[in-house]
Each structure stands twice: as C-alpha cells, then as structure tokens.
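Novice: need a 3D model of the sequence below.
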Amino acid sequence: MRNIAYLWLVVALLVTGLQAGSARSGAGVGVMVGDPTGISGKVWLGPHTALDAGVAWSFRDESAFHLHGDYLFHNFGIFRVEKGILPLYYGIGGRIKLEKDTRIGIRLPVGMNYLFEQSPVDLFLEVVPILELVPATELQFNAAIGVRYFF
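Specialist: Numbers count the residues shown, from 1 in each chain. Down below sits the predicted model:
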C-alpha cells in the first residue's frame, strides 16, 4: 500500500510541474474502467505522438496489480466529427502484471481518442492485444474506456 501512495505522489508532482495544456498538448491524468481499472496518464510529445501509462488493478482471473506504458501514434485523418477531433491511435508498449506469478508482456494498443473543442478533457476507448513473454508466451487482451483532464 505504501508503494501506491508513493506512486500517487510522483504522479502529482509530475502533473503540477507541467504547464497547462489542452487535450492535444501537455499532460493529462484520469481514470480508465475495464480490464484494467485504475489511473491513466498521457503526455503529448508532439502533434501526433504521445506516451501513456496506467496504474491499475486487473480483476479478470485474480486481483492483480497492473502497470503499463505505451508509445502512441495518432492519425487525425480517418474519422471526421462535427465538433472536436477523433483520432485513431496505435502503438507499442509494455505491461507488468503482479499476481501469483509476475507477468511481463508487450502491448499493442489500438483505440479512439475524442478531444473536445476548447476543453482540456479527452475520452478514449482502446483494445490492447498483449503478447506475454514471462512466465510463458501467451496472447492476452485488455480493453478500457476512460477520461483524462489535461493540465
């Protein structure tokens, strides 16, 4: 439990140290619900790239602590909406799942990210195939929906 408190402190310090942004710049923190369920963060690196991370619990088989991080590419030309922006994103990352046996895998997230006009809020929906490498090679899937506020 102490490790989770330290992690919250680090996230809070990082977020407060960054300049205010919109949903398409800066850094955002929010929640995700699905498998896993927990905290989601995202930092835009450029107009089409970002890093995201999650600190969460997976409730599928056994309650397990879940950490992941991804490098994302955003395509803004596929979906057209009347208001806001709806890019498709995809990327690559890693996951550590702490349960009876620690599981380590490669994530390949694919999702949609709605960016509101003139608002520091975004919504996302993603499906993530995971190629687990440790303790054994196995294909898993995660899916989540979430919301973040950008500072």
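Novice: CA only for contacts and neighbour counts going forward, please
Specialist: Will do.
Novice: just after the helix or strand hosting His66, pick out the following helix or strand.
Specialist: Using DSSP states H and E, His66 sits in strand 64-75. Sequence order places strand 88-98 as the next helix or strand after strand 64-75, per DSSP H and E.
Novice: what packs against that next one?
Specialist: When contacts are defined as 3 or more CA pairs under 8 Å, 6 or more residues apart in numbering; DSSP states H and E, strand 88-98 packs onto strand 64-75, strand 103-107, strand 110-115.
Novice: and the angle for that strand with strand 103-107?
Specialist: Per axes from the mean of the first three to the mean of the last three CA atoms, to 10 degrees, the angle that strand 88-98 makes with strand 103-107 is 170 degrees.
Novice: ok so, going back, now the strand holding His66: mean pLDDT?
Specialist: Strand 64-75 comes out with an average pLDDT of 97.
Novice: that one - contacts with which helices or strands?
Specialist: Other helices and strands packing on strand 64-75, by 3+ CA pairs under 8 Å, 6+ apart, are strand 49-58, strand 88-98.
Novice: so which bits of it are buried?
Specialist: If you call a residue buried by 16 or more other CA atoms under 10 Å, then strand 64-75 has these buried ones: 64-74.
Novice: those residues: which two are farthest apart?
Specialist: Greatest spatial distance in the buried residues of strand 64-75: Ala64 and His74, 29.7 Å, computed using CA to CA.
Novice: rewinding a little: which of the helices and strands packed on strand 64-75 sits closest to Met32?
Specialist: Met32 lies closest to strand 49-58 among the helices and strands packed on strand 64-75, at 8.4 Å (CA to CA).
Novice: next up, the contacts around the closest residue in space to Ile106 that isn't next to it in sequence.
Specialist: Closest residue to Ile106 apart from its sequence neighbours, by CA to CA, 6 or more residues apart in numbering: Gly94 at 4.5 Å. If you count contacts by CA atoms under 8 Å, 6 or more residues apart in numbering, Gly94 has them with 68-70, 104-107.
Novice: the residue of the chain most remote from its centre and Phe116, how far apart?
Specialist: Distance from the C-alpha centroid of the chain, by CA atoms, centre = their mean, peaks at Glu82 (25.5 Å). To Phe116, Glu82 is 11 Å away according to CA to CA, to the nearest Å.
Novice: centre of the chain to the host helix or strand of Tyr149, how far?
Specialist: Element membership of Tyr149, judged by DSSP H and E, is strand 138-150. Remark: strand 138-150 is offset 6 Å from the chain centroid, using CA atoms, centre = their mean, to the nearest Å.
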